[in-house]
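Trainee: Sequence first, predicted coordinates after that:
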Amino acid sequence: MKSQQSPENKSIPRLIAFYLTQFHPIPENDQWWGKGFTEWTNVTKAAPLFEGHYQPHLPTDFGFYDLRVRDTRRDQIKTAKRYGIDGFCYHYYWFSGKRILNLPLDDMLADHESDMPFCLCWANENWTRRWDGAEHELLVSQDYLPEDDINFIKSLEPFFKDQRYIKVDGKPYLIVYRPQNIPDVHNTLKVWRDYCRLVGLGEIHLCAALTHGNEKYAHLGFDSGVEFPPHNFKPVNVSDKIKFTDEFNGQLMQYATIAQSFIDHVYDDERVFKTVFPSWDNTARTKDRAVIVLNGTPENYEYWLSSTIDLAQQFKKEESLVFINAWNEWAEGCHLEPDRLYGYGFLQATLNAKSGLRKFSVFQHIELPKVELPKVELSIREEGLQLTFWEDIKKITKHHFQLKFTRLKVAVGRHPWLYDLLLPIVKGVRSYRTRKKNVGTQKSK
């Protein structure tokens with residue numbers, strides 16, 4: 001699949017969304033977490049940690065789906081393609097020959113009506129009860145046995161041979177999530193490459209995810225790297241500015257700060273595929289240890305994605321991809337799929353960015369959430385004790401107007417046709433107000 005061309009004849013990078021296959025029950029999760037457990041179990045239990053905290057994240061159009069159902073996957077593909085997504089990158093769970101959460105992936109491979117280009121990311125980290133790959137209450141481990149190198153690459157052969165599999169520079173493209181964990185990584189990559197040549201697949205393109213402090217790929221023997229925000233971001237914690245309902249031991253950060261740092265970052269190695277996320281909040285998994293990113297809104301995401309596409313277009317010699325983390329990481333508050341707050345807002349923002357609309361020149365939302373509602377108070381003035389009645393009415397009216405306006409935006413976001421209809425009107429009103437303000441400023445001078 002080749003990159004599309006924009007009106008300015010610049011190559012538009014392919015947009016690839018990471019895709020989680022965990023939305024169906026498996027025996028292992030039944031044993032570890034209880035019968036019938038899926039990602040939805042954590043998602044629906046999430047609760048706000050401070051006033052204005054958007055939790056839980058709950059789906060709308062696709063509902064609490066089960067990925068063993070083919071129609072669900074086909075609907076996802078149809079929607080993703082309509083809004084500019086060019087492919088999915090499925091997380092691949094392989095532990096010394098044991099595969100987990102593989103049913104949706106295998107069924108996708110067998111179902112050629114699932115006509116979405118795809119690639120794989122080997123999620124080669126331990127599964128633990130802490131959900132973060134750390135060595136706490138190990139559930140299933142990556143052992144890296146002597147025969148694992150050849151057995152792993154053999155397991156990928158059916159995927160590499162599929163005509164839908166994504167290629168970069170004409171080569172099947174594979175990501176390794178934690179490349180620094182592979183004991184003899186250079187030998188492992190050699191085994192993989194040699195096997196693919198032997199069976200007629202030819203060369204493969206191996207990409208190292210830049211995670212857990214790793215910011216380089218070439219010294220490990222990989223062909224490229226891929227960002228994985230918020231990995232490798234140095235936290236700028238603003239949790240001291242928020243009143244939490246209980247003790248909080250995690251990180252609270254601003255979306256604009258993280259996004260700008262990835263826009264500005266220059267890597268030593270030349271070929272790094274950039275990644276953006278729509279929002280991030282893993283409270284559903286880690287509760288008081290969560291990493292929460294404030295202001296993950298469609299507008300902020302649209303600006304980050306637009307800026308990243310512009311950066312990717314500067315590399316004219318090489319085919320480029322831009323990744324989105326993720327299509328459906330609901331337990332990490334990180335999803336393009338429609339939700340109950342923003343509706344289709346993130347999907348529409350994706351299409352806007354890819355279409356080159358460039359509506360925003362800065363991040364639109366950088367404020368902290370309101371922590372207190374207006375209160376009726378007594379104020380002592382010179383003439384004596386008086387109720388500040390009209391001031392309080394003004395504050396309360398303003399507060400509820402903002403709530404209604406937010407709900408109106410959500411309602412519009414759930415209907416793309418209405419969004420497209422109202423956008424020119426909103427732009428016109430903004431332009432008129434700007435001109436009126438400028439005229440007023442000139443008169444005052």
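Mentor: Happy to help now that I have it. Residues are numbered from 1 along each chain as shown.
Trainee: who touches residue 298 in this structure?
Mentor: 278, 342, 345-346, 348-349, 413 (Cβ atoms under 8 Å, 6 or more residues apart in numbering). For the C-beta atoms, the positions are set from N, CA and C on the backbone; glycine is no exception.
Trainee: Mind checking which of the residues you listed are in helices?
Mentor: 345-346, 348-349, 413 (DSSP state H).
Trainee: Relative to residue 116, which of these is nearest.
Mentor: residue 346 (18.1 Å; Cβ to Cβ).
Trainee: Which residue comes closest to the closest one once chain neighbours are left out?
Mentor: Spatially, and ignoring its direct neighbours in sequence, residue 346 is nearest to residue 278 (4.4 Å; Cβ to Cβ, 6 or more residues apart in numbering).
Trainee: ditto for residue 307
Mentor: Per Cβ to Cβ, 6+ apart, closest to residue 307 is residue 263, 5.1 Å.
Trainee: Looking at the ones in helices among the contacts of residue 298, state which has the most neighbours.
Mentor: residue 349 (29 neighbours; other Cβ atoms under 10 Å).
Trainee: close enough to count as contact, it and residue 304?
Mentor: No: in this structure, residue 349 is not within contact of residue 304 by Cβ atoms under 8 Å, at 9.5 Å.
Trainee: Give me the neighbour count for residue 19.
Mentor: Residue 19: 25 surrounding residues under other Cβ under 10 Å.
Trainee: Return the distance of it relative to residue 32.
Mentor: Computed as Cβ to Cβ, to the nearest Å, the residue 19 to residue 32 distance reads 23 Å.
Trainee: And residue 230, by the same measure?
Mentor: 26 Å.
Trainee: Let me know the secondary structure of the nearest residue to residue 272 once chain neighbours are set aside.
Mentor: Using Cβ to Cβ, 6+ apart and skipping residues adjacent in sequence, the residue nearest residue 272 is residue 225, 4.4 Å away. Here residue 225 is recorded as strand under DSSP: H, G, I helix; E, B strand; the rest coil.
Trainee: How is this protein divided into domains?
Mentor: Using automatic domain parsing, the domain ranges for the chain come out as 10-355, 378-444.
Trainee: Please, which helix or strand holds residue 194?
Mentor: Using DSSP states H and E, residue 194 sits in helix 185-198.
Trainee: quick one: strands adjacent to whichever helix or strand comes after that helix?
Mentor: As assigned by DSSP H and E, the chain's next helix or strand after helix 185-198 is strand 205-210. Looking at strand 205-210 with DSSP bridges, its partner strands are strand 171-176 (parallel), strand 224-227 (parallel).
Trainee: can the ones you listed go into TSV with extra columns for mean neighbour count, mean pLDDT and distance to residue 66?
Mentor: Shown next, in TSV, are the strands paired with strand 205-210 (neighbours: other Cβ atoms under 10 Å; pLDDT from 0 to 100; distance: least, Cβ to Cβ, whole Å):
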stretch	mean neighbour count	mean pLDDT	distance to residue 66
strand 171-176	24	98	26
strand 224-227	25	97	29
